[in-house]
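[1] could you work out the structure for the sequence below:
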Amino acid sequence: MESPFKADALKGKVALLTGGGSGIGFEISTQFGKHGASVAIMGRRKNVLDDAVSALQSLGIPAVGFEGDVRKQEDAKRVVEATVKHFGKLDILVNGAAGNFLVSAEDLSPNGFKTVMDIDSVGTFTMCHEALAYLKKGGQGRGSSGGGLILNISATLHYTAAWYQIHVSAAKAAVDALTRNLALEWGTDYDIRVNGIAPGPIGDTPGISKLVPKEINSKTRDYTPLYKLGTKWDLAMAALYLASDAGKYINGSTLPVDGGLWLSKPRHMAKDEVKQFSRTAEKRSRAAPSGVPTSKL
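    Okay, the predicted model is just below:
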């Protein structure tokens with residue numbers, strides 16, 4: 001699909017993306033690069049990194065990949081420093097590395113819970129911590145112009161509750177809290193904006209088949225107000241919006257990109273049935289003797 005943004009929307013920017021070699025992360029990497037950014041991606045699998053970098057470079061995007069685990073502070077520090085050494089600076093950090101799998105709470109081991117917390121929430125903070133020294137060079141505190149951006153990939157699971165994803169719900173709740181607190185502190189002190197994106201079901205990713213059985217996947221379309229699943233492109237456009245000048249006054253927000261799914265519940269009655277039910281209830285109400293509940297009639 002054609003981007004609604006100018007091709008130079010991120011011209012001159014340098015972005016580092018964890019989990020940027022596959023899925024949603026790779027689409028964000030690609031769109032950032034297509035809109036003028038130089039891109040560094042971090043991941044644990046060398047073959048995935050190599051393939052992603054080759055694909056980005058084939059599009060004329062300045063790209064480099066670095067192996068590393070966000071759970072390890074030494075890896076985070078090394079990759080951030082390598083990115084700055086390679087491109088000369090760092091303007092945007094996207095925290096997209098995440099772990100997820102379906103499991104009931106009673107079958108989830110404490111170690112499994114801790115692993116997802118370490119990747120999603122602790123890993124996000126670790127990357128932010130190591131990137132701060134470079135991101136804050138673009139801003140000089142209140143009233144300045146040109147601070148850096150941190151973009152955290154979250155979820156909507158914890159807005160209510162989610163079946164068989166207690167570990168991810170807890171981790172993403174922590175990510176959202178981290179986003180708001182860093183936006184407050186670093187936005188004030190260094191003009192660094194910190195925002196998030198909360199994806200819903202994205203149809204063109206391997207994760208949708210891993211987390212949502214095919215028969216349930218088809219029903220998701222019925223429950224989503226827009227009657228369709230999202231795409232990686234939808235997420236990348238949201239990221240571009242927040243990273244570009246269009247989002248320069250947005251700070252501390254997490255943007256749900258899920259077609260309104262987190263708002264929705266199964267529809268128990270069709271609209272025509274609701275009209276008929278309401279008319280019948282109204283007639284009963286009018287016919288009821290004063291002071292007698294209609295439930296007693």
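[2] would you mind pulling the contact partners of stretch 229-249?
    Residues outside stretch 229-249 that contact it (Cβ atoms under 8 Å, 6 or more residues apart in numbering): 1, 3-5, 9-10, 13, 15, 23-24, 26-28, 30-32, 35, 92, 94, 149, 151, 193, 195, 197, 199-205, 208, 217, 220-221, 250, 255, 257-259. C-beta here means a position set from N, CA and C on the backbone, and glycine is covered the same way.
[3] according to the record, where do the domains of the chain fall?
    Following automatic domain parsing, the chain resolves into domains at 14-266, 268-297.
[4] quick one on the thing from earlier: could you turn the buried ones of the contacts of stretch 229-249 into a PyMOL selection?
    The PyMOL command for the buried members of the contacts of stretch 229-249 (criterion: 16 or more other Cβ atoms under 10 Å) is given here:
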select buried, resi 5+9+10+13+15+23+24+26+27+28+30+31+32+35+92+94+149+151+193+195+197+199+200+201+202+203+205+208+220+255+257+258+259
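[5] from the contacts of stretch 229-249, which land in strands?
    15, 92, 94, 149, 151, 193, 195, 197, 199, 255, 257 (DSSP state E).
[6] next one: the spatially closest residue to the first one that is not a sequence neighbour from residue 61, what distance?
    Right, the one you point to is residue 15. Spatially, and ignoring its direct neighbours in sequence, residue 15 is nearest to residue 92 (3.9 Å; Cβ to Cβ, 6 or more residues apart in numbering). To residue 61, residue 92 is 14 Å away according to Cβ to Cβ, to the nearest Å.
[7] swap in residue 87?
    Separation of residue 87 from residue 61 (Cβ to Cβ): 12 Å.
[8] before we move on, back to that, right, and the residue nearest to residue 15 touches residue 36 too?
    No. At 11.6 Å, residue 92 does not count as touching residue 36 under the criterion of Cβ atoms under 8 Å.
[9] give the residues shared as contacts by those two.
    Common neighbours of residue 92 and residue 36 (criterion: Cβ under 8 Å, 6+ apart): 10, 13.
[10] of all the ones in strands among the contacts of stretch 229-249, which two lie farthest apart?
    Between any two of these, the greatest separation by Cβ to Cβ is 19.6 Å, found for 193 and 199.
[11] so where do the helices sit in the stretch 51-200 of the chain?
    Applying DSSP state H, counting those that start in this stretch to the stretch 51-200 of the chain gives helices spanning 73-87, 110-117, 123-135, 166-190.
[12] quick check: which of these is nearest to residue 100?
    Closest among the helices of the stretch 51-200 of the chain, using Cβ to Cβ: helix 166-190, at 5.2 Å.
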